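Participant: Quick one: sequence and predicted model below, then my questions.
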2 protein chains.
Amino acid sequence: MVTWGKRNEELILPINSSLSVTLHQDQLKTTTTVASSRSFQEDRIWLNGKEEDITHPRIQSCLREIRRLARKRRNEVDPSLDSTGLSHKVHICSVNNFPTAAGLASSAAGFACLGKSQKNKTRTSNMLSPVCGSGSACRSMYGGFVQWIMGQRDDGKDSLAQQVEPESHWPELRILVLVVSHAERKPVGSTSGMQTSVQTSCLLKHRATSVVPGRMGEMIDAIRRKDFASFAELTMRDSNQFHATCLDTFPPIFYLNSVSQQIISLVHRYNRHCGETRVSYTFDAGPNAVIFSLQQHVPEFLQLVQHVFPPETNGGQGLPVKSTSLPEELKQAIGLEPISKGIRYVISTKAGPGPCVVEDPAQHLLGSDGLPEKTV
Amino acid sequence: MVTWGKRNEELILPINSSLSVTLHQDQLKTTTTVASSRSFQEDRIWLNGKEEDITHPRIQSCLREIRRLARKRRNEVDPSLDSTGLSHKVHICSVNNFPTAAGLASSAAGFACLGKSQKNKTRTSNMLSPVCGSGSACRSMYGGFVQWIMGQRDDGKDSLAQQVEPESHWPELRILVLVVSHAERKPVGSTSGMQTSVQTSCLLKHRATSVVPGRMGEMIDAIRRKDFASFAELTMRDSNQFHATCLDTFPPIFYLNSVSQQIISLVHRYNRHCGETRVSYTFDAGPNAVIFSLQQHVPEFLQLVQHVFPPETNGGQGLPVKSTSLPEELKQAIGLEPISKGIRYVISTKAGPGPCVVEDPAQHLLGSDGLPEKTV
């Protein structure tokens, strides 16, 4: 959810372009209902069934942004629109269909669709996985493969998201999210980390100006041609280089922990054993791995993951995975000692559509009284 | 002991200059005796009292180098020298005054003084700690602060080691080697890792050409002025950037493990708490930390290390350290949970003289029969 390094903090303009895959809502979805009413006494927010402190700075800055956008839209689009709603209090209710404890930057997804808060609305939004440019456009409103073009203008008007290919383009592509156990809270938040990186890392500057532009082109090419080996290698190199610039930040930032390192090692050993690149990884600002592979290779790789990281609870979540038995010879070739409790669970998903408006009133999370439905 | 990246593999010419501190032999010393005799039946080697397999490729390439240098010296310096010794077999005996299991790249130190093998000789040599340029000149023959100038010539004749300041220049400077527990064997050897980095990391090229040259000048300046804060920050930044280029290598190389990351975190928290830079770190191609500090700050920092990494065995080794009690307020400010068995032991040392020839025959490690003395 991070674009690492902004050229303008206020306008949130990135220092380089980036490319992401929108993950499928069947596995990773946030549903959010926003309601505003003259009768509401105060702003309130419920996240995953629990009312949260609305005065939290991050939530407050989201509310400010919602109101700013609403005001802007009214002024630009239709000044005749009723403006009284702008002063109304809002109720926000948001639920994920995946555990929040996963540390999957879920809160950002929940806020991605709050722009139209004048009317009662329910929307779903998605997780994204960065594949190039060390970051992802959390404001992207598209499904499939999406690039966030950095733009050149100071006012940011040419900094925009664009769909490279729709989610139907590469149906064999699979995405596994390996949720690492005991992932502590991020030691350094991404906002302040990003600022420190821009200020202190000379490798980040070099990466942004001299490496990413070329890679973006290669990556888009690889996706268009559905060339998995090229896509996979670019993804891994780009993830590693992003984490290298975190380490070159002063003081250094570590997002990869020892389990992340083991996952990286496993992927390289597996590919070497297979004599071709069947699996790749990317890591955002945290220790959880996002794995790319093709449908036919997922069962064996998942078995291998379960061999090296024997699961705490039985089974994962998401797309059903056909079970295969792992050849003894493969275990030997990989040569990694099993580490118990390294990975909490695996979410198996694929590229999916962008955010959707939920038209069915029965799916709204807030009742007519403005309070969460009992089922939430 | 590594210079990361060679511009010429055969001549071992580095892609950037580097700066090291020679560590004191009182704490970290390798003593090596080499004897050659017509009566020896075969080449043999004893390391720390145990005979090793002389056919090991690394030892063989050392022997070849010894003989090449001996031949070269004879040809260049005095062709009239008796050349029969060149075909004699050699016995080599080497002992460290510190545990080899420490993973302190001790073998390289043991071979640093084998050049003059025509005559029976005993020499001592040192460990070095890199402070700039992500490597150290293992061939450096000087004490104190030594730079290895990369040179420009293809034949390497301008690639040489030079003393920047002698070991007496900065007597308050202290060096702690934190030997990390359970340090597995290097996952990637430094020779092959280095080659892969040069081939695959674009950040390494940028670092070598655009970052290190400026840093070398700043570092030499800081050392001359005995400006600890500048010296310390440059050391940390350079170590981090070296490990960043390892991560940017494909496949990536990890030398820092979770204990190394905790040590880095501890140093930054301590400096922040103190409001000044009192301690710095540097990491070579492995997880062990080399810590720089000034004499007056060592006791408190060591206490802190022992608080965060409660020792397995009692006490360290090396220069005696005055005990101080750690204020509760400091522990609170650092806020790191103690991790038992993170650090095996601490070697406390300082800058020292270069390699020495041991003149006293009683100190030779090989007896008149060419076999190790009983005391070895």
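Facilitator: Right, received. Where do you want to start? Residues are numbered from 1 along each chain as shown, chains lettered A, B, ... in the order given.
Participant: Show me what from chain A comes close to chain B.
Facilitator: Neighbours of chain B within chain A, by Cβ under 8 Å from any Cβ of the partner chain: A:187, A:202-203, A:206-207, A:210-211, A:233, A:236-237, A:240-241, A:243-245, A:247-252, A:254, A:257-258, A:261, A:264-265, A:268. Every C-beta, even on glycine, is put in place using the N, C-alpha and C of the backbone.
Participant: just the helices in chain A please.
Facilitator: For chain A, helices defined by DSSP state H occupy the ranges A:57-77, A:106-111, A:190-200, A:202-206, A:212-224, A:228-247, A:258-274, A:298-308, A:328-334.
Participant: Please pick the buried ones from the residues of chain A next to chain B.
Facilitator: Buried subset of those (neighbour count, 16 or more other Cβ atoms under 10 Å in any protein chain shown): A:202-203, A:206-207, A:211, A:233, A:236-237, A:240-241, A:243-245, A:247-252, A:254, A:257-258, A:261, A:264-265, A:268.
Participant: Can you tell me the number of residues neighbouring residue A:61?
Facilitator: Close neighbours of residue A:61, defined as other Cβ atoms under 10 Å in any protein chain shown, add up to 11.
Participant: With the one 5 residues further on instead?
Facilitator: The criterion is other Cβ under 10 Å. On that basis, residue A:66 has 21 neighbouring residues.
Participant: shouldn't it be in contact with residue A:73?
Facilitator: No - the pair residue A:66 and residue A:73 fails to qualify as a contact (Cβ atoms under 8 Å) at a distance of 10.7 Å.
Participant: who's in contact with the nearest residue to residue A:42 once chain neighbours are set aside?
Facilitator: In space, and not counting its chain neighbours, residue A:42 is closest to residue A:89: 5.5 Å by Cβ to Cβ, 6 or more residues apart in numbering or on different chains. By Cβ atoms under 8 Å, 6 or more residues apart in numbering or on different chains, the residues touching residue A:89 are A:36-37, A:40-44.
Participant: For chain B, see how far away residue A:89 is.
Facilitator: Using Cβ to the nearest Cβ, to the nearest Å, one obtains 38 Å as the distance from residue A:89 to chain B.
Participant: okay but residue A:163 is in contact with residue A:142, surely?
Facilitator: Yes - assessed by Cβ under 8 Å, residue A:163 is found in contact with residue A:142 at 4.2 Å.
Participant: And the two? Which one has more around it.
Facilitator: Legend: neighbour count by other Cβ under 10 Å for residue A:163 and residue A:142, higher for residue A:142 (21 against 17).
Participant: what's the pLDDT at that one?
Facilitator: Each residue has a pLDDT score; the one for residue A:142 is 84.
Participant: got the contact list for it?
Facilitator: For residue A:142, the contact set (Cβ under 8 Å, 6+ apart) comprises A:22, A:161-163, A:354.
Participant: Quickly name whichever of the residues you listed is closest to residue B:170.
Facilitator: Ranking the contacts of residue A:142 by separation from residue B:170, with Cβ to Cβ as the measure, puts residue A:161 on top at 54.6 Å.
Participant: who's the closest one bridged to?
Facilitator: Beta-bridge partners recorded for residue A:161 (DSSP bridges): residue A:148.
Participant: With residue A:31 instead?
Facilitator: The bridge-partner assignment for residue A:31, based on DSSP bridges, gives residue A:95, residue A:124.
Participant: so how many other residues sit close to it?
Facilitator: As a burial measure, residue A:31 scores 22 neighbours (other Cβ under 10 Å).
Participant: do you know how far it is from residue A:95?
Facilitator: Residue A:31 sits 6 Å away from residue A:95 when distances are taken as Cβ to Cβ, to the nearest Å.
Participant: Mutual contacts of those two, please.
Facilitator: For the pair residue A:31 and residue A:95, residues contacting each of them under the criterion Cβ under 8 Å, 6+ apart are residue A:365.
Participant: okay, the residue nearest to residue A:141 when sequence neighbours are not counted: pLDDT?
Facilitator: With Cβ to Cβ, 6+ apart as the measure, residue A:354 is the residue that lies nearest to residue A:141, at 5.5 Å, once sequence neighbours are left out. Each residue has a pLDDT score; the one for residue A:354 is 85.
Participant: now swap in residue A:177 and tell me
Facilitator: The predicted local confidence for residue A:177 comes out at a pLDDT of 93.
Participant: quick one: it from chain B, how far?
Facilitator: Going from residue A:177 to chain B by Cβ to the nearest Cβ gives 20 Å.
Participant: Compute the number of surrounding residues for that residue.
Facilitator: What residue A:177 shows, counting by other Cβ under 10 Å, is a neighbour count of 24.
Participant: okay but it is in contact with residue A:286, surely?
Facilitator: No - between residue A:177 and residue A:286 no contact is recorded; they are 11.1 Å apart, counting by Cβ under 8 Å.
Participant: now the helices of chain A in TSV, with distance to residue B:279 and mean pLDDT?
Facilitator: As requested, the helices of chain A are arranged in TSV below (distance: least, Cβ to Cβ, whole Å; pLDDT from 0 to 100):
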stretch	distance to residue B:279	mean pLDDT
helix A:57-77	33	76
helix A:106-111	36	50
helix A:190-200	19	86
helix A:202-206	24	94
helix A:212-224	35	95
helix A:228-247	19	97
helix A:258-274	24	95
helix A:298-308	37	92
helix A:328-334	40	85
